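Asker: next input, structure requested:
(one chain, ligands or ions: 1)
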Amino acid sequence: MMNTKPPKLAEASLAFALLKAAAVLTRVLREGRSLDQAIAQETKGVKTPQALGAIQDLAYFGMRHLGQGQVLTRLISGKPLLSPEPLNELMALGFGLLWEGKNPKYPAHTVVDQMVYACTGSEQFARAKGLANACLRNFLRDANTWRTKALEDPLAQHNLPVWWVEQLKAGHPEQWQTVLAQAQSHPPLVVRVNSRCMTAQAYSDQLNAAGMAASVIGPQAVWIEKPVPVSSLPGFELGHVSVQDSAAQMAAPLLNPQNGQRILDACAAPGGKTGHLLELADIDLVALDSSPHRLDRVEDNIRRIAPTLTGQWNLKLKVAQAEQLESWWDGVPFDGILADVPCTGSGVVRRHPDIPWLRRPDDVAKLSRLQHKLLNALWSTLKPGGTLLLVTCSIFPEEGPQLAAAFQDNHPDAVAHAAPGLVLPTSSTGSDNAGFEASPDGFFYAKFEKSPIS
Ligand SMILES: C[S@@+](CC[C@H](N)C(=O)[O-])C[C@H]1O[C@@H](n2cnc3c(N)ncnc32)[C@H](O)[C@@H]1O
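Answerer: Modelled structure (predicted):
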């Protein structure tokens, strides 16, 4: 009897990485996992760093080119959905790789060979070998015509769900195309230099002297031109630097904590801004998050920078729904509150290309309702004279300007102070040589002082 068991693919092969990356996309699209969670699940048994790197790279690539891949799969196979369903993701990934004719990630013939090999290496797809081969070769025979045809579909034009693009257009009729272009670009590696240890300029000089091109792009922000693993950054293990986008670095200085103050970080995990607050002043900090698993990451982050914090500081971590005051608040009011509330994440698609595919159109309204609820509850825990900083990493008006305006309308004791408002992910943050690649993530900032009602 013939042995029909598919061959085990070598980890070093592109076929292996293609199969794994396609399985990652399937978990995102069909199970609603985040891209990073899905990568962690699919790479559990993978042994070599090269294979891990290739899977991660292909999964991110596949996510960023999903619209084009999906449209070509549908057009060329002539079927709305292939069977078994995960084959759709494998084919979308293959077409995504073939789309770019000029500077392809892999030569076209390698992609086709390895896609076919990937099918033979999986029981699930073994029968699809012929279909994959025929469809991919069909595309290559007349790539320009297929591309032109695919681009009639807005899904292929923007590589994003159509409702997401419409939402962006409505919110930013002038800049939506630049915002989309930035979202397709690779995110820069930006670090926050711990002001307890050194200046941003001193760290940038240190990197340049070590042959790592870097420039200062914010008060404590340094952009490292060629991304490297964080563990290889000088001083990282010692807590001298933390990875944080330049726009996210605006939060803690805007709240401006002072020594001895009692501060609340209401939605703290994974703790990027928690660490920054502690670097700026010796404070009594309460950090809340509704997710115990994410709150563990705050602890890890603070453990790393703790040796650099020499004064009298205190940090209490609490798992709680911030709006349920009775479950966590001891009644002692805060001098300052950082309300970095949950949002769609529409400002950070460049870093998390899975976000638009995981969200649903009604999430914007749902999240906006939660944001209103959180702000209303947190306001009552603030001292008169205290400051609340509202932050979202979203550029949808409902989660930014409209949210802040409604909050102010409902709270006559809220006095608005100068704040950046919308930081659109379109421009560089200052340095002359920093272009699109050093541009900030999209954020919204509003700042309110609480005055006693007259
Ligand atoms: C935008 S993230 C915060 C990022 C964080 N401030 C930082 O700089 O690393 C929002 C956080 O809010 C948490 N969250 C969601 N709903 C919450 C709620 N009702 N109460 C408290 N935290 C909540 C999420 O688990 C998530 O960690």
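Asker: next one: stretch 118-132 to chain centre, how far?
Answerer: Put simply, stretch 118-132 sits 33 Å off its chain's centre (CA atoms, centre = their mean, to the nearest Å).
Asker: swap in stretch 415-427?
Answerer: How far stretch 415-427 lies from its chain's middle: 19 Å, per CA atoms, centre = their mean.
Asker: quick one: contacts of it?
Answerer: 172, 175, 178-179, 182-183, 247, 250, 254, 347, 350, 387, 389, 395, 400-401, 404, 408, 439-451 (CB atoms under 8 Å, 6 or more residues apart in numbering). Just so you know, the C-beta spots here come from the backbone N, C-alpha and C atoms, and that holds for glycine as well.
Asker: could you do stretch 350-361 as well?
Answerer: Contacts to stretch 350-361, defined as CB under 8 Å, 6+ apart, come from residues 28-29, 32, 34-35, 60, 63-64, 66, 160-161, 163-164, 167, 182-187, 245, 344-346, 348-349, 425, 441.
Asker: in a helix, that's where N133 is, yeah?
Answerer: Yes - under DSSP: H, G, I helix; E, B strand; the rest coil, N133 falls within a helix.
Asker: residue contacts, the spatially closest residue to it that is not a sequence neighbour?
Answerer: Leaving aside its sequence neighbours, N133 sits nearest to V116 (CB to CB, 6 or more residues apart in numbering; 5.0 Å). Neighbouring residues of V116 by CB under 8 Å, 6+ apart: 129, 132-133.
Asker: tell me which element V116 is part of?
Answerer: Per DSSP states H and E, V116 falls inside helix 108-120.
Asker: distance from that helix to the middle of the chain?
Answerer: Put simply, helix 108-120 sits 31 Å off its chain's centre (CA atoms, centre = their mean).
Asker: okay, buried residues for that helix please.
Answerer: For helix 108-120, burial by neighbour count (16 or more other CB atoms under 10 Å) applies to 108, 111-119.
Asker: same question for stretch 319-330.
Answerer: Buried positions in stretch 319-330, judged by neighbour count with 16+ other CB under 10 Å: 319-320, 322-323, 328-329.
Asker: can that stretch be found next to the ligand?
Answerer: Yes - Stretch 319-330 lies within reach of the ligand by CB under 6 Å from any ligand atom, at 321-323.
Asker: got JSON lines for those residues, with secondary structure and distance to S368 too?
Answerer: Converted to JSON lines, the residues of stretch 319-330 next to the ligand look like this (DSSP: H, G, I helix; E, B strand; the rest coil; distance: CB to CB, whole Å):
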{"residue": "Q321", "secondary structure": "coil", "distance to S368": "17"}
{"residue": "A322", "secondary structure": "coil", "distance to S368": "16"}
{"residue": "E323", "secondary structure": "coil", "distance to S368": "14"}
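Asker: for the residues you listed, give me JSON lines that also has pLDDT.
Answerer: Below are the residues of stretch 319-330 next to the ligand laid out as JSON lines (pLDDT from 0 to 100):
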{"residue": "Q321", "pLDDT": "98"}
{"residue": "A322", "pLDDT": "98"}
{"residue": "E323", "pLDDT": "98"}
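Asker: dump those residues to a markdown table, plus distance to P49.
Answerer: Output for these, formatted as a markdown table (distance: CB to CB, whole Å):
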| residue | distance to P49 |
| --- | --- |
| Q321 | 39 |
| A322 | 39 |
| E323 | 43 |
